[in-house]
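Chemist: Kindly generate the corresponding structure for this input.
(one chain, ligands or ions: 2)
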Amino acid sequence: MKVVVMIPCLNEEDTLPLVFRTMPQSIPGVDSIEVLVINDGSTDRTVEVARELGVKHFIHHTRNQGLAYSFRDGLAGALELGADIIVLTDGDNQYPQERIPDLVQPILDGRADVVIADRQTQTIAHFSPLKKFYQRRGTWFLNLIAGTRVPDATSGFRAFSREAALKLNLVGRYSFGMETIIQSGHKRMAIDSITITTNPKTRESRLIKSDLTHVRKSGITILRGFVTYKAYAVFLSLGLVLLVVGLVPFLLYLYALLFASDSGYGGRHLQSLIVGGVVLTASFVTLTLGVVADMISVNRALLEDVLTEVKRGRVAERGEPVFGTEETRTE
Ligand SMILES: Nc1nc2c(ncn2[C@@H]2O[C@H](COP(=O)(O)OP(=O)(O)O)[C@@H](O)[C@H]2O)c(=O)[nH]1
Ligand SMILES: [Mg+2]
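Modeler: Ligands and ions are numbered 1, 2, ... in the order given. Okay, the predicted model is just below:
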């Protein structure tokens, strides 16, 4: 059983040594712990510092790619290293690395595919009341859409089973944290959480420039995830609403045409006919789009399956044990 701890780093020379100070040397039930640093175009001594700290595995981005791509590349890299469990932590020593054994335990026990640490944001002193509010509402909304019960949706202290890492296919450039939850929820992975206390702040968050931008971008991620996985439901409900709205004036016109004696072929209700016709057309287009979206989502599901198998094959080629050792495969 191998645990790979991945640390995406953008200029973390000062704080990386602190991260290693609390890194566990051994975990019961785990044979080896390896660290993978994703150097996201750092311009300081991050890489040298990491080497001095004994890091052997690196992924280098020649130019800054952002945290989402760093995470995506880190997952792929960790799989290639033969990880059974992949842990994500920050390079700014925000998270208590000494809790990694607790974080991976639900996966070791076979109870979870994904474990997300709950920072108990309502108790974090340096979070403003507004940030706490967004945090609570955002997490609530995300859970609603993803069908999950994650207490802290934006926490960056997480563990993934190999199977989860194989199945996650991330496309967004922002909020990979939320995107992973939406996908995990949709793919019916078991998500667990443990409560942690974060370390005192070492520096300002570089990711979250302003609360409002964060809310806007997270909102887009959530909506996009919803439309991606629930496209049919979105278009179908919209189409049905439009159908009902369009039918009312249309039927009014029909009624006038058929039964009102003075209407002159319903002439006085021509507006109803126009409005009804336009709305009914919109409804028809929306329903058709729903069918197309549904077909695209079938395609997406197939492509994702292929991608997962390609990744699995690549990991297997390396001579590492593929997920699904004999015992798990027969379960
Ligand atoms: N801000 C930022 N962090 C990055 C980037 N690429 C990798 N990281 C790393 O991602 C982690 C999270 O960044 P941080 O600023 O602490 O964000 P926060 O913890 O979500 O407030 C840190 O370890 C960074 O070094 C990037 O493009 N921008
Ligand atoms: Mg941080």
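Chemist: just for the stretch 151-300 of the chain, where's the confidence low?
Modeler: Scanning the stretch 151-300 of the chain for pLDDT under 70 picks out 207-209, 261-268.
Chemist: Just the closest residue of it to ligand 1, please.
Modeler: When distances are taken as CB to the nearest ligand atom, the stretch 151-300 of the chain approaches ligand 1 most closely through Ser205, which lies 2.9 Å from it. The way it works is simple: take the backbone N, C-alpha and C, and place the C-beta from them, glycine included.
Chemist: Scan the protein for its longest helix.
Modeler: helix 270-317 (DSSP state H).
Chemist: chain center to it: distance?
Modeler: Shown here is helix 270-317, whose average C-alpha point lies 20 Å from the average C-alpha point of the whole chain (CA atoms, centre = their mean, to the nearest Å).
Chemist: Likewise for stretch 85-105?
Modeler: Going by CA atoms, centre = their mean, where stretch 85-105 is centred and where its chain is centred differ by 18 Å.
Chemist: Can you list the buried residues in that stretch?
Modeler: Within stretch 85-105, the residues that count as buried by 16 or more other CB atoms under 10 Å are 85-97, 99-105.
Chemist: Now intersect the residues you listed with the strands, please.
Modeler: 85-88 (DSSP state E).
Chemist: Isn't Ser70 up against His60?
Modeler: No - using CB atoms under 8 Å, Ser70 is not in contact with His60; the gap is 10.7 Å.
Chemist: Sticking with the residue positioned nearest the centre of the chain, tell me its helix or strand.
Modeler: In the chain, the centroid-proximal residue (CA atoms, centre = their mean) is Glu179; its distance is 1.7 Å. Glu179 is part of helix 176-186 when elements are defined by DSSP states H and E.
Chemist: need the next SSE after that helix, C-terminal direction.
Modeler: As assigned by DSSP H and E, the chain's next helix or strand after helix 176-186 is strand 191-195.
Chemist: And the next helix or strand past that next one?
Modeler: helix 211-229.
Chemist: For that next one, which residues meet the burial criterion?
Modeler: Under the neighbour-count rule (16+ other CB under 10 Å), helix 211-229 has 214-215, 217-218, 221-222, 224-226, 228-229 buried.
Chemist: And stretch 115-122, by the same measure?
Modeler: Neighbour-count burial for stretch 115-122 flags 115-119, 121 (criterion: 16+ other CB under 10 Å).
Chemist: Would you mind listing the buried residues in stretch 14-31?
Modeler: By neighbour count with 16+ other CB under 10 Å, stretch 14-31 contains the buried residues 14-16, 18-20, 23-24, 27, 30.
Chemist: need the helices for the stretch 51-200 of the chain, in chain order.
Modeler: Counting by DSSP state H, counting those that start in this stretch, the stretch 51-200 of the chain forms helices over residues 67-80, 100-108, 129-146, 162-167, 176-186, given from the N-terminal end onward.
Chemist: got a list of contacts for the third one?
Modeler: What it means is helix 129-146. Under the contact criterion CB atoms under 8 Å, 6 or more residues apart in numbering, helix 129-146 has outside partners 121-122, 124, 127, 148-154, 178, 181-182, 184-186, 211, 214-215, 218, 222, 225-226, 230.
Chemist: Parallel or antiparallel, list what pairs with the helix or strand that contains Val3.
Modeler: In this structure, Val3 is located in strand 2-9 according to DSSP H and E. Each strand pairing with strand 2-9, determined using DSSP bridges, is listed with its direction: strand 32-40 (parallel), strand 85-88 (parallel).
Chemist: Out of the ones you listed, which gets nearest to ligand 2?
Modeler: Nearest to ligand 2, of all the strands paired with strand 2-9, is strand 85-88, at 11.2 Å by CB to the ion.
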